[in-house]
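S.K.: What follows is a protein structure lacking sequence information:
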């Protein structure tokens, strides 16, 4: 029996807890999951994780977690890397490695690492958040990204002219050449740190025009076989070059010239891999469990086409979470609703996701569009 520690108790931790629960049920084992979070009722605890009081950002409670767990992983990237390094020195494995985490969670360092390793990525230039933005660098439009704290559409701004300077993000990071693309794709990769690295099939990401937030995910991506294989090979070669151990979400641009460029990497389970729970032989969360326990990686085969959409808090509301859902969603065997157990809901907050499986990608996508109209999550109080 292994004990797993998770730093952060959000939805990713909750889904890992659920995966471990399933393994325990199927095998009769008694693996335990400890969850470090400031909130004793965080989502992961609601799904059966054992709460450990602590604060991911400053390292509070890490030593206590290390005394309980045989291996530790993360639910979020904003963690104290220095304290994680001291946990490794205590003899407790941490996945991903803190040294890699330090290079990847700073988006500028991540881009510079791509360049150092000779990996294909969009042209970029460091930017302090204050200097004028002119057409001399990459022309317009140009993309500004902050080095730290950017996720779910935050920390990214597109400047269409010098007139957008006042709306810039006032934080250090970099400017990046705007890439005209046919598609944005992601490849989930599992690496056991011993030489076995496996990629899932690429998925297609469709983003909401406002806010750069994932709108729909379609898997497998609607790519020709050669491009799909190329994306998997690029993902595997990237994690091989970085000597990564763990689960990684690798986002890419497919340019108008059919070139694949790495956009960014998440060193953890990822939104673009949630569909694997229903659609793949081994989910990204079971893979994470296997890596932490030193077990062999599972098969990444996708069993059925799938589409997924996020459930975001409805604008204009706040407060206690209210879910309005059509009964037919729960009755449909091909539709799975995941609610994250967040007690408070506000506009744009990630509250859950829905996965639809079908006999074809197009059928799954079409049905996901229909299902999206049948569920709404909002706060109990109307604002304004």
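M.R.: Arrived safely. On a predicted model such as this, the values are computed, not experimentally measured, just so you know. Residues are numbered from 1 along each chain as shown.

S.K.: what about residue 288, distance to residue 295?
M.R.: 11 Å (CB to CB, to the nearest Å). In short, each C-beta sits where N, CA and C put it, glycine included.

S.K.: So for these two, which residue has more residues nearby?
M.R.: residue 288 (25 against 14; other CB atoms under 10 Å).

S.K.: Torsion angles phi and psi at the more buried one?
M.R.: phi -60, psi -40 (degrees, to the nearest 10).

S.K.: Output the below-cut-off pLDDT ranges for the stretch 151-300 of the chain.
M.R.: Low-confidence segments of the stretch 151-300 of the chain (pLDDT under 70): 151-153, 209-212.

S.K.: quick one, helices of it?
M.R.: Listed in chain order, the helices of the stretch 151-300 of the chain (DSSP state H, counting those that start in this stretch) span 225-242, 276-279, 284-293.

S.K.: could those helices go into CSV alongside distance to residue 107?
M.R.: Listed next are the helices of the stretch 151-300 of the chain as CSV, based on distance: least, CB to CB, whole Å:
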stretch, distance to residue 107
helix 225-242, 15
helix 276-279, 25
helix 284-293, 22
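
S.K.: Which residues are in contact with the residue positioned nearest the centre of the chain?
M.R.: The centre of the chain sits closest to residue 270, judged by CA atoms, centre = their mean, with a distance of 2.3 Å. Each residue near residue 270 by CB atoms under 8 Å, 6 or more residues apart in numbering is listed here: 186, 188, 247-249, 284.

S.K.: so residue 328 touches residue 374, yeah?
M.R.: Yes. Counting by CB atoms under 8 Å, residue 374 is a contact partner of residue 328 at 6.9 Å.

S.K.: Between these two, tell me which one has more neighbours.
M.R.: It is residue 374, of residue 328 and residue 374, that has more neighbours when counted by other CB under 10 Å, with 16 against 10.

S.K.: Need the nearest residue in space to the more buried one, chain neighbours excluded.
M.R.: residue 326 (3.8 Å; CB to CB, 6 or more residues apart in numbering).

S.K.: likewise residue 68?
M.R.: residue 34 (4.9 Å).

S.K.: try residue 358
M.R.: residue 364 (3.9 Å).

S.K.: returning to what we had before: among the contacts of residue 270, which two are most distant?
M.R.: 186 and 247 (12.3 Å; CB to CB).

S.K.: intersection of neighbour lists for those two?
M.R.: 270, 273.

S.K.: Next, the residue sitting furthest away from the middle of the chain: secondary structure please.
M.R.: Of all residues in the chain, residue 136 sits farthest from the chain's C-alpha centroid, using CA atoms, centre = their mean; the distance is 33.8 Å. Three-state assignment for residue 136 (DSSP: H, G, I helix; E, B strand; the rest coil): helix.

S.K.: With residue 149 instead?
M.R.: coil.

S.K.: gap between it and residue 102?
M.R.: 15 Å.

S.K.: What of residue 144?
M.R.: Residue 144 is 23 Å from residue 102, by CB to CB.

S.K.: These two: which is more packed in?
M.R.: When neighbours are counted by other CB under 10 Å, residue 144 and residue 102 differ, and residue 144 comes out ahead with 21 against 14.

S.K.: any idea how far the one helix or strand that one maps to is from the chain center?
M.R.: Following DSSP states H and E, one finds residue 144 within strand 142-146. Averaging C-alpha positions (CA atoms, centre = their mean, to the nearest Å) puts strand 142-146 20 Å from its chain's average.

S.K.: Tell me which stretches of the stretch 1-150 of the chain form strands.
M.R.: Here the stretch 1-150 of the chain has its strands, by DSSP state E, counting those that start in this stretch, at 3-7, 32-37, 50-53, 71-74, 94-95, 124-127, 142-146.

S.K.: check contacts around residue 127.
M.R.: 133, 144, 172-175.

S.K.: Which residue ranges make up the domains of the protein?
M.R.: 3-95, 123-177, 181-382 (automatic domain parsing).

S.K.: Turn the ones you listed into CSV, columns for distance to residue 117.
M.R.: Converted to CSV, the domains of the chain look like this (distance: least, CB to CB, whole Å):
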stretch, distance to residue 117
domain 3-95, 20
domain 123-177, 15
domain 181-382, 5
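
S.K.: so which of those domains comes closest to residue 106?
M.R.: domain 123-177 (5.1 Å).

S.K.: Between the two ends of the closest one, how far is it?
M.R.: 5 Å (CA to CA, to the nearest Å).

S.K.: same thing with stretch 76-96?
M.R.: End-to-end distance (CA to CA), stretch 76-96: 11 Å.
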